[in-house]
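Participant: Sequence below, structure please.
(one chain, ligands or ions: 2)
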Amino acid sequence: MTAETRFKLNTGAEIPALGLGTWQSAPGEVARAVSHAIKVGYRHIDTAQGYGNEHEVGQGIKECIDAGIVKREDLFVTTKLWCSFHTRVAEAVQTSLDKLGLEYLDLYLMHWPLAMNPNGNHPMIPKLPDGSRDIVHSHSHITTWKSMEQLVGTGKVKAIGVSNYSVQYLEELLPQATIVPAANQIENHPSLPQQEIVDYCKQKGIHITAYSPLGSTGSPLFTAEPIVAVAQKRGVSPASVLLSWHIARGSSVLAKSVTPARIESNRADLIKLDEEDIATIRKYSDHLEATKSLQRFVFPPFGYNFGFPDKQ
Ligand SMILES: NC(=O)C1=CN([C@@H]2O[C@H](COP(=O)(O)OP(=O)(O)OC[C@H]3O[C@@H](n4cnc5c(N)ncnc54)[C@H](OP(=O)(O)O)[C@@H]3O)[C@@H](O)[C@H]2O)C=CC1
Ligand SMILES: O=C[C@H](O)[C@@H](O)[C@@H](O)[C@H](O)C(=O)O
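Facilitator: Numbering: from 1, shown residues only. Ligands and ions are numbered 1, 2, ... in the order given. Down below sits the predicted model:
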């Protein structure tokens, strides 16, 4: 059954194919979204220090554990190190654990491969007087990774990984790494297939998790003609096609919703796309690439070159 699919990480652990996203899930909504998701079968929850909602995510998890719906070990919980904490990894992971009310994380990711000033004018998004983000250019993401490697063996993290890494950044990191990242969480959907990084990660044993698979808030992807065509042919919604596409590619996928009916259908309506469906979607992606019309929905104003082929 597609919703039960799990992928093996390079640690030997398994990551459930579908996770609940929680970015921009408002306070007062996210605990309910998490507990509803777990009740209807989700076993993978994605949050981040930067989302400011780890406490509420933890409440949703606790409700389900206390009610006997799941045990901690049935869940796969990911959180992420925020940029202004790259020099304070041990402190950051403990704070995340405390907020979540958990003793360990299944996956701890470096959210973006750059450090922001830990002593700047804001704890999360420090800015310079000209309004640009206060980035510590002298601090390498490799140094951050070395600190994250120290967490493995402490019992606080089962696996470590990265997010928003391009091939260029992985090529810098891998020769210096003692531990190969278990996962790279990247924006991924038919309008930004990122085949280059997906193939590279596959070759290196790094699992891909797709974020913003539905095109994030206010998405145009639901009405993209080839997606609608596959949805109609298969008798499902465009959202189902967009989510199922990643599972067919061997990636896990994070779907954010705070709407109970969507949380349910995003899981229940996953399907196994066939070769014809995949070919239709590939043709669409190839056309966008050829016409330089790829769409990246998440590109925060870091003013930084992440090595993304579509944003140089
Ligand atoms: N590592 C990183 O830098 C990033 C990680 N992420 C992670 O990935 C997750 C998913 O990405 P995100 O950007 O949130 O966007 P998604 O692509 O998951 O889209 C979320 C939006 O789609 C709506 N939606 C959900 N299901 C349906 C449906 N079946 N039909 C119609 N609309 C629907 C949601 O509305 P509603 O909630 O109102 O139902 C919300 O507005 C994040 O929440 C986060 O956990 C995301 C961005 C960056
Ligand atoms: O995970 C989601 C995104 O990466 C988000 O954390 C960033 O876009 C952040 O809001 C920022 O402004 O840098």
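
Participant: can you pull the contacts of A33?
Facilitator: L20, T22, S25, G60, S257, V258, I263 (Cβ atoms under 8 Å, 6 or more residues apart in numbering). Every C-beta, even on glycine, is put in place using the N, C-alpha and C of the backbone.

Participant: From these, which land in strands?
Facilitator: Counted as lying in strands by DSSP state E, out of the contacts of A33, are L20.

Participant: Report the two of the contacts of A33 separated the most.
Facilitator: Farthest pair in the contacts of A33 (Cβ to Cβ) is G60 and S257. Separation: 13.3 Å.

Participant: Ligand 1 next: which of the contacts of A33 are close?
Facilitator: Among these, the residues lying close to ligand 1 (Cβ under 6 Å from any ligand atom) are T22, S257, V258.

Participant: L174 touches K204, doesn't it?
Facilitator: Yes: look at L174 against K204 with Cβ atoms under 8 Å: they come within range, at 6.7 Å.

Participant: Between those two, which contacts overlap?
Facilitator: V180.

Participant: sorry, back to before: if you count what's nearby, which of G60 and S257 comes out ahead?
Facilitator: G60 (24 against 21; other Cβ atoms under 10 Å).

Participant: What sits closest to that one if chain neighbours are left out?
Facilitator: Excluding the flanking residues, the one nearest G60 by Cβ to Cβ, 6 or more residues apart in numbering is V34, at 2.7 Å.

Participant: is ligand 2 contacted by the helix or strand containing that neighbour?
Facilitator: According to DSSP states H and E, V34 maps onto helix 30-39. No: legend: contact between helix 30-39 and ligand 2 by Cβ under 6 Å from any ligand atom is lacking; minimum distance shown is 13.9 Å.

Participant: Numbering from 256 from now on, please.
Facilitator: With 256 as the first residue, the last one maps to helix 285-294.

Participant: So that helix, near ligand 1 or not?
Facilitator: No: applying Cβ under 6 Å from any ligand atom, one finds helix 285-294 separated from ligand 1 by no less than 7.6 Å.

Participant: per-residue confidence averaged over the helix or strand following that helix?
Facilitator: Per DSSP H and E, helix 285-294 leads on to strand 299-301 as the next helix or strand towards the C-terminus. Across strand 299-301, the average pLDDT comes to 98.

Participant: ditto for stretch 547-562
Facilitator: Mean predicted lDDT for stretch 547-562 stands at 95.

Participant: Show me which residues of that stretch are buried.
Facilitator: Within stretch 547-562, the residues scored as buried using 16 or more other Cβ atoms under 10 Å are L549, Q550, F552, F557, F561, G562.

Participant: and what of stretch 286-306?
Facilitator: Buried, per 16+ other Cβ under 10 Å, within stretch 286-306: 286-294, 297-306.

Participant: Over to stretch 427-439?
Facilitator: Using 16+ other Cβ under 10 Å as the test for burial, stretch 427-439 gives E427, L428, A432, I434, P436, A437, A438, N439.

Participant: Check stretch 517-530 too.
Facilitator: Those would be R517, I518, E519, S520, N521, R522, D524, L525, I526, L528, for stretch 517-530 by 16+ other Cβ under 10 Å.

Participant: Might you report the residue contacts of the residue in the chain positioned nearest to ligand 1?
Facilitator: Residue of the chain nearest ligand 1, by Cβ to the nearest ligand atom: G276 (2.4 Å). Each residue near G276 by Cβ under 8 Å, 6+ apart is listed here: D301, Y466, L509, A510, K511, S512.

Participant: of all these, which two lie farthest apart?
Facilitator: Spatial extent of these (Cβ to Cβ) is set by the pair Y466 and S512 at 13.7 Å.

Participant: If I look at the residue sitting furthest away from the middle of the chain, what pLDDT would I see?
Facilitator: Distance from the centre of the chain peaks at P384, with 31.5 Å (Cα atoms, centre = their mean). Turning to P384, the model gives it a pLDDT of 98.

Participant: State whether it is indeed within a strand.
Facilitator: No: applying DSSP: H, G, I helix; E, B strand; the rest coil, one finds P384 to be coil, outside a strand.
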